[in-house]
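Undergrad: take a look and give me a structure for this.
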Amino acid sequence: MRWIQGMAVGALSLALAACSSSPTGRQQLTLVSDQQLNQMGAQTFEQYQQKLPTVGGATLNYVQCVSNAIVAELPSSDLAPNWEVKVFDDPSANAFALPGGYIGVNTGLLDIASNQDQLAAVIGHEVSHVLARHANERVSTQQATQLGLSVIQSAAGIQGPQGDAIMGALGAGAQYGIMLPFSRSHESEADKLGIQLMADAGFDPRASVTLWEKMSQAGGSQPPVWMSTHPSNNQRIEGLEASMNEALPRFEQARRAGKTPNCSRS
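TA: You can find the predicted model right below:
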């Protein structure tokens, strides 16, 4: 059993050797082309529009205003020359950004994010996932993990019920030891990049802490952190507070430069 586990660790470690770096300098594996990811993003956005009705008028203009200010601070237009923004009539407090330049915000989120700064915290976070190419990393990590487990199964000649049990244990180890921590690191990285984007756009980064305090109050019980794809609300708030020393000077500099967003819901 130990030698199988050793092979699993070796195979997965080799598969996860870094090919590039994220905007924060974190090493990451990116096997999928941007063109492929952009196509996936377009397909996903189209599917979302087919499932849910969209909202226009002042609500869309408000979300578009905040989104435009955030996107304008991206370091490169290579991610997407033009971003498409939609508001979906859905009571869940959710938002997303997709490769290829797509932003979606549910009406339920607007009930919690009660001003432009709080909404900017969410949109900045979601756009940062695209900026840091987290979707590419997630897809690449899944591919590498599946390949590593397949190699182990073939090399060990694992068959039958015992083999299924062993492979199930290895799969669980990969899930909780690799896939979920990667997802949590993505969330924390998007939090950090997101408040930088919102601050550079002239939105008050302190609103991100207020937002997550409200999200924590609105949410129910959470699974243990080691079984969750996201940091706990308390961990997230602590991380945001720790980033304020850098974010607040950026916010003040943006305001001195005349960046004073005025996005109205009415």
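
Undergrad: so where do the helices sit in the stretch 151-266 of the chain?
TA: Along the stretch 151-266 of the chain, counting by DSSP state H, counting those that start in this stretch, helices occupy 160-174, 180-200, 206-218, 233-242, 244-256.

Undergrad: who does the second one touch, helix- and strand-wise?
TA: Contacts of helix 180-200 with other secondary structure elements, assessed using 3 or more CB pairs under 8 Å, 6 or more residues apart in numbering; DSSP states H and E, are made with helix 116-131, helix 134-156, helix 206-218, helix 233-242, helix 244-256. For every residue, glycine as well, the C-beta is placed using N, CA and C.

Undergrad: which of these is buried the deepest?
TA: helix 116-131 (a mean of 26; mean count of other CB atoms under 10 Å).

Undergrad: where does the protein have low pLDDT?
TA: Along the chain, segments meeting pLDDT under 70 span 1-22, 24-31, 77-80, 141, 143-182, 219-233.

Undergrad: turn the helices of the stretch 151-266 of the chain into JSON lines, columns for distance to residue 98.
TA: Formatted as JSON lines, the helices of the stretch 151-266 of the chain follow (distance: least, CB to CB, whole Å):
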{"stretch": "helix 160-174", "distance to residue 98": "26"}
{"stretch": "helix 180-200", "distance to residue 98": "14"}
{"stretch": "helix 206-218", "distance to residue 98": "21"}
{"stretch": "helix 233-242", "distance to residue 98": "22"}
{"stretch": "helix 244-256", "distance to residue 98": "25"}
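
Undergrad: what's the closest of those to residue 72?
TA: Closest to residue 72 of the helices of the stretch 151-266 of the chain, according to CB to CB: helix 180-200, at 9.0 Å.
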